[in-house]
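**Student:** What shape does this take:
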Amino acid sequence: MLAPSPSPLDPAFWAGRRVLVTGHTGFKGSWLSLWLLHLGARVTGVALDPDTSPNLFDALDLAAAGLPGELHDHRLDIRDAEGLAVLVAAADPEVVLHLAAQPLVRRSYADPLGTWATNVQGSLHLLEALRPLEHPCAVVLVTTDKVYANREWCYGYRETDRLGGHDPYSASKAGAELAIASWRASFCGTAPHQTPHLAIATARAGNVIGGGDWAADRIVPDAMRACAAGAPLTLRNPRATRPWQHVLEPLSGYLQLAEALAADPAAHAEAWNFGPQLEANRPVAELVEALHHHWPGQWHDHSDPHAPHEAGLLHLVIDKAVSRLGWQPRWDFATTVARTAGWYRQVAAGASPLACCVADLEAYQRRGAE
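**Tutor:** Residues are numbered from 1 along each chain as shown. Model prediction:
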């Protein structure tokens, strides 16, 4: 069994705190908003409309969920610098969690310019919008584990390894890391052209799974749709290995990192990896077989040698977050898969998505408090 996290979240830090979440209508953003409202935060969400139907944000109906926090829901494209600046000024955040992005590898091949504009320029628009703040603000900008120059080796990547990216999505996120680091070095400080109020870190997470993801071209939503329909699942890259983790794992890391940034900006304003334990690095086919243990189904190999490039092997080293933040994964691979498949099966049978998410969140928090 994994050891519980020795440094759980501080509810007193979040209660009543003004938190800006970009991308709050997405899969991870919806889970994060739920958690923040559960903690009593005053959340301002900035995002596009959800791009799938169904989607987790609408299914949760957070405004009517009766949670302790407040949610102010705004729809805006982060490529709109002027509109974003107005909204950020009105929100006056004390914490920022930036998740808004074009997050899909295959979509990035279809729209490379839009991917770069959202992931790089959109992140810079947010930082520029935060410059006028006159009080301390902890800023966590989420990128991806795919920012590293992937050599397809068996070793995990550390935060100091070289950045890169073959596909437009990965390269745009690596570009965002460089742009954010440059902005932080240029404009965080006490010189006349700088601001002393912003503490900025980036977070690189592994492949997240969990209930409520209905995006296209993602393995778990595709698998769950196939199981529900009684249809075979087509795998385009069954031997690709990924660091699978439940969505609550990196979100807990982002929240702990925000607390640490607020407490000691100088020690934490840098890049951080949030991935699973080594045993959760599994091939896609093995993930699907594990899902089918909980919801029976079939799959077949449809590898295409002419398909756009995707990484074949990818691991993260999380020693830094474990040793310096006191963060570590709480759920192993088996628990992650069981919770994920169980969520979809229960919702397919008529259960409330909100109730299923709250049950997962409470179970996760209990695991950290054991």
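**Student:** And the host helix or strand of Y344, what's buried?
**Tutor:** Per DSSP states H and E, Y344 falls inside helix 333-348. For helix 333-348, burial by neighbour count (16 or more other Cβ atoms under 10 Å) applies to 333, 335-347. In this view, the C-beta of every residue, glycine as well, is placed from N, C-alpha and C.
**Student:** Present those residues as a markdown table; the columns should include pLDDT and distance to G69.
**Tutor:** Below are the buried residues of helix 333-348 laid out as a markdown table (pLDDT from 0 to 100; distance: Cβ to Cβ, whole Å):
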| residue | pLDDT | distance to G69 |
| --- | --- | --- |
| F333 | 96 | 31 |
| T335 | 97 | 27 |
| T336 | 97 | 26 |
| V337 | 97 | 30 |
| A338 | 97 | 29 |
| R339 | 97 | 24 |
| T340 | 97 | 25 |
| A341 | 96 | 29 |
| G342 | 96 | 26 |
| W343 | 97 | 22 |
| Y344 | 96 | 26 |
| R345 | 95 | 29 |
| Q346 | 96 | 25 |
| V347 | 96 | 24 |
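**Student:** List just the nearest of the residues you listed to Q298.
**Tutor:** A341 (15.1 Å; Cβ to Cβ).
**Student:** Surely the closest one is in contact with P296?
**Tutor:** No: judged on Cβ atoms under 8 Å, A341 makes no contact with P296 at a distance of 10.3 Å.
**Student:** what is in contact with those two at once?
**Tutor:** Residues touching both A341 and P296 by Cβ atoms under 8 Å, 6 or more residues apart in numbering: none at all.
**Student:** in the stretch 151-300 of the chain, which spans are helices?
**Tutor:** 168-187, 219-229, 248-263, 265-268, 284-294 (DSSP state H, counting those that start in this stretch).
**Student:** Turn those helices into TSV, including mean pLDDT and distance to H300.
**Tutor:** Below are the helices of the stretch 151-300 of the chain laid out as TSV (pLDDT from 0 to 100; distance: least, Cβ to Cβ, whole Å):
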stretch	mean pLDDT	distance to H300
helix 168-187	97	26
helix 219-229	91	11
helix 248-263	97	30
helix 265-268	95	46
helix 284-294	93	10
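**Student:** Give the residue spans of the protein that score low on pLDDT.
**Tutor:** Applying pLDDT under 70 to the chain flags the ranges 1-7, 302-312, 368-370.
**Student:** Please repeat the previous calculation with a cut-off of 80.
**Tutor:** Confidence mapping of the chain against pLDDT under 80 gives the ranges 1-8, 152-154, 206, 217, 236, 301-313, 367-370.
**Student:** Tell me where it has strands.
**Tutor:** Per DSSP state E, the chain carries strands over the ranges 18-22, 42-47, 70-75, 95-98, 137-142, 198-205, 207-209, 233-235, 241-246, 271-274, 281-283, 299-301.
**Student:** which of these sits most buried?
**Tutor:** strand 95-98 (a mean of 27; mean count of other Cβ atoms under 10 Å).
**Student:** Give the partner strands of it in its sheet and their orientations.
**Tutor:** strand 18-22 (parallel), strand 137-142 (parallel) (DSSP bridges).
**Student:** Now it - C-alpha only, PDB.
**Tutor:** Taking C-alpha atoms only, strand 95-98 is exported to PDB below (Å, rounded to 0.1, in the frame of the first residue of the first chain):
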ATOM      1  CA  VAL A  95      -4.500  32.300  -6.000                       C
ATOM      2  CA  VAL A  96      -4.500  31.500  -9.700                       C
ATOM      3  CA  LEU A  97      -4.700  27.900 -11.100                       C
ATOM      4  CA  HIS A  98      -4.200  28.100 -14.900                       C
END
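**Student:** For that strand, which outside residues touch it?
**Tutor:** The contact list for strand 95-98 (Cβ under 8 Å, 6+ apart) reads 17-23, 32, 41, 123, 126, 130, 137-142, 254, 258, 262.
**Student:** Now distance to E82 and mean neighbour count too, for the helices of the stretch 151-300 of the chain, in JSON lines please.
**Tutor:** Putting these into JSON lines (distance: least, Cβ to Cβ, whole Å; neighbours: other Cβ atoms under 10 Å) gives the following:
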{"stretch": "helix 168-187", "distance to E82": "18", "mean neighbour count": "20"}
{"stretch": "helix 219-229", "distance to E82": "35", "mean neighbour count": "19"}
{"stretch": "helix 248-263", "distance to E82": "27", "mean neighbour count": "24"}
{"stretch": "helix 265-268", "distance to E82": "28", "mean neighbour count": "15"}
{"stretch": "helix 284-294", "distance to E82": "42", "mean neighbour count": "19"}
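**Student:** So which of those is nearest Q277?
**Tutor:** helix 248-263 (10.0 Å).
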